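S.K.: Fold the following for me, if possible:
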Amino acid sequence: MSKKHLILLLSCFCFATEASAESLSSTLTTQVSVPGTTVQNAQVLTKGLLVETFLTNAWKKDSLTNLFGKSLASFDDYETYANAIKVRWDENNRAYGILVDPAYTGEIVKGITVKTSKKDFTRLLGTPAFVDQTNELLGYQFEGYYLFATFAQEKIKGISIYRRDQAKNTSTLIDMAKNLQAYGEKLSSPSTAQTFSIFGEWGAPDFTHHLHGIGTFAWEYPSLGIAYDGLEEDATLTIYSNFSAKNDLAAIKNAKNVVFSNQDAIFLEEQNRVVWEKIMIQYAKNEGVASPDKQTIALIDSDGLYSSANIRFYRKDFTPLTQLYPGYFVDDVTWLDNHWILYTTMEGSGVFNQVTGEHIVLLSPNKKPEGLSDFYDVDRVSADIKNKAILFDLASDQQKPFKLTYQINGNQIKFSR
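M.R.: Model prediction:
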């Protein structure tokens, strides 16, 4: 099961809070004036309002990365940048979600920083539109964006921002909703039907998800509040409460397989993100493998599809660092030193430097060390830390293990026979 599909299951848990979706439905679409924002170019991120930076650059990746610089790492679909923010880019190269790290020194909106107390946070922004008491999460819906904060002991634990889009013409959406089954073949393959129906009106979906074993795609425009499950003959279109023009959709109120949800797609996304983070941190505490200096934790995450199987790396305080996606289920990991780690999968093995991100495949169906006769001769790969060697145990008891020795100098690693 992929992260996305697990998150959808978690949504049932997320909404079992003091502030249920039903009790919030009257506030979900409340428009609040943007606090302290006047449109101007932010020459230096920490001197301007962070939200302004995204608004004035239309959330576009090319413009924003000119300010942010090169991505340093990636974790759970978010790219990490040197200015203490993380950005999740959608498939159209626009910023969808932003996480603000505790090290960020500037204002997010006027008067709000990562050091703002919970009391001052609500005093400055007013009554929150979204409340999840279980996860100590508060949220606001402004023109063009959402702002959320989680708290611990009345102090901000994290701040997140999401893009908010407005629907314009709904006629194409109405036509699509009335013809979900008839249009199913094209709707379930947005990459080959780029000008068809809603794709021609709104552009490509923000996110697509391949439904393995079915061969079609689910897709969504969460910033608009629209999702499609992609099951062709029995597809479902979900219209969330944050769809800005839902009052213009009376013509499809009773259309087959059209669901009007009282949940806000962005609030649901943020709740799921917070819960997922808690689950994985607890998992890392229980199952993680510490580096020799105890400063880094490696966690095998192979409970989903092979394509999403990965190794998650955390600091010792369980703040995220980076991830490696080997492409197959991960069986085992062994630290070679404090930076380099050896991993084995169902399709081979390799080493990864969690500081630099360098990844070297040692063994796969398409690659094998010189001197090793066949990939399929290898029964197991392990590390002999004392003798600084990688051992390739061979399937035949008559053959001695194939061995590679390694030398590590700083962040460099070299292998030899």
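S.K.: What separation do you get for the most centrally placed residue in the chain and residue 100?
M.R.: The chain has residue 77 as the residue nearest its centroid, 3.2 Å off, counting by C-alpha atoms, centre = their mean. According to C-beta to C-beta, to the nearest Å, residue 77 stands 16 Å off from residue 100. (C-beta placed from N, C-alpha, C; glycine too.)
S.K.: Residue 105 contacts residue 50, correct?
M.R.: No: contact status for residue 105 versus residue 50: not in contact, 10.6 Å apart, counting by C-beta atoms under 8 Å.
S.K.: quick one, which of those two is more surrounded?
M.R.: residue 50 (23 against 12; other C-beta atoms under 10 Å).
S.K.: wait, what's in contact with the nearest residue to that one once chain neighbours are set aside?
M.R.: Take residue 50 and drop its neighbours on the chain: the residue closest to it by C-beta to C-beta, 6 or more residues apart in numbering is residue 108, 4.8 Å away. Contacts here follow C-beta atoms under 8 Å, 6 or more residues apart in numbering; on that basis residue 108 touches 49-51, 100, 114, 147, 159, 161.
S.K.: Where helices are concerned, which of those count?
M.R.: 50-51 (DSSP state H).
S.K.: Which one (most neighbours) among the contacts of residue 108?
M.R.: residue 147 leads the contacts of residue 108 on contacts (other C-beta under 10 Å) with 26 neighbours.
S.K.: Quick one: residues contacting the residue nearest to it when sequence neighbours are not counted.
M.R.: In this structure, residue 147 finds its nearest non-sequential neighbour in residue 140, 4.7 Å apart by C-beta to C-beta, 6+ apart. With contacts defined as C-beta under 8 Å, 6+ apart, residue 140 is in contact with 32, 125-126, 128-130, 146-148.
S.K.: Of those, which is the nearest to residue 186?
M.R.: Closest approach to residue 186 among these (C-beta to C-beta): residue 146, at 31.4 Å.
S.K.: Was I right to think that closest one contacts residue 161?
M.R.: Yes: using C-beta under 8 Å, residue 146 is in contact with residue 161, at 6.8 Å.
S.K.: Show me which helix runs longest in this structure.
M.R.: helix 265-287.
S.K.: for that helix, which positions count as buried?
M.R.: 265-277, 280-281, 284 (16 or more other C-beta atoms under 10 Å).
S.K.: just stretch 59-79 next, same as before
M.R.: Buried, per 16+ other C-beta under 10 Å, within stretch 59-79: 59, 61, 64-65, 68, 73-79.
S.K.: Pull the most distant pair out of those.
M.R.: 59 and 73 (21.4 Å).
S.K.: Residue 167 - that's part of a strand, no?
M.R.: No: the assignment for residue 167, made by DSSP: H, G, I helix; E, B strand; the rest coil, is coil rather than a strand.
S.K.: residues in contact with it?
M.R.: Contacts of residue 167 (C-beta under 8 Å, 6+ apart): 173, 224-225, 243-245.
S.K.: Apply the buried test to those and list what passes.
M.R.: Buried, going by 16+ other C-beta under 10 Å: 173, 224-225, 243-244, out of the contacts of residue 167.
S.K.: So which of these are in helices?
M.R.: Short answer: those in helices (DSSP H) are residue 173.
S.K.: I'd like the buried ones among the contacts of residue 167 as CSV, with pLDDT and distance to residue 339 appended.
M.R.: CSV is the format used below for the buried ones among the contacts of residue 167 (pLDDT from 0 to 100; distance: C-beta to C-beta, whole Å):
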residue, pLDDT, distance to residue 339
173, 96, 50
224, 97, 43
225, 97, 43
243, 97, 47
244, 95, 48
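S.K.: Good, we can wrap up now.
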